[in-house]
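> what's the 3D shape of this:
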Amino acid sequence: MRRHDREMDKDFALMVVDKCEYAVMALVDTEGMPYCLPITIARKDNAIYFHTAKEGQKIDVLKNNPSVCMTCVGDTNRPADKFTTEFESAVIRGTAVEVTDKDEMILALRLLCQRHSPSNMHEFDAAIARSLARTGVWKINIKDITGKRKKYDKNGEEMKFGRME
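Residues are numbered from 1 along each chain as shown. Alright, predicted model coming up:
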């Protein structure tokens with residue numbers, strides 16, 4: 001990380017992962033070309049889960065090269081009196097593996113639904129019964145995570161080196 005003055009600790013980075021609306025996952029295809037896409041995620045311990053179709057370009061790329069890099073963006077703000085953007089972000093590097101154990105698949109889908117559709121959890125069991133067989137679930141085992149933030153305090157001073165307000 002070039003801007004160490006904006007680096008945040010691992011707990012901060014995990015907090016960004018846990019609150020971001022979606023993440024962008026970057027992959028490298030068989031021709032060495034980058035491929036990135038937005039995904040909805042949910043984390044449990046050192047694993048980040050996402051759901052997908054069982055086939056397609058993403059699956060082909062992951063099966064060939066399971067190394068991934070993912071970016072999560074938390075809160076952002078563009079102060080009207082500055083030419084800058086306040087932000088918080090996390091970058092994760094890891095390995096993606098397909099989840100094939102039925103119980104772990106249901107756990108991952110439950111985590112995703114609780115995070116992204118909590119008011120509809122009364123429909124979860126019926127949705128699982130209808131669609132589990134055609135739903136792919138993958139997890140990314142986190143190898144490395146970094147957090148970064150640019151934020152100003154109430155006095156307009158940038159909070160450096162992980163300083164919290």
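
> can you list contacts of whichever strand or helix holds residue 94?
Residue 94 belongs to strand 87-98 when assigned by DSSP states H and E. Residues from elsewhere that reach strand 87-98, judged by Cβ atoms under 8 Å, 6 or more residues apart in numbering: 8, 12-14, 16-17, 20, 48, 62-63, 66-77, 136-151. Glycine gets a C-beta too; all of them are placed from N, C-alpha and C.

> pLDDT on that strand, on average?
Mean pLDDT, computed over strand 87-98, is 96.

> ok, the nearest residue to residue 44 once chain neighbours are set aside - contacts?
Of all residues not flanking residue 44 in the chain, residue 111 sits nearest, at 6.0 Å (Cβ to Cβ, 6 or more residues apart in numbering). Applying Cβ under 8 Å, 6+ apart, we find residue 111 in contact with 42-44, 49.

> tell me the angle the biggest strand by length in the chain makes with strand 87-98.
In the chain, ranked by residue count with DSSP state E as the criterion, the top strand is strand 136-150. Interaxial angle of strand 136-150 relative to strand 87-98 (axes from the mean of the first three to the mean of the last three Cα atoms, to 10 degrees): 160 degrees.
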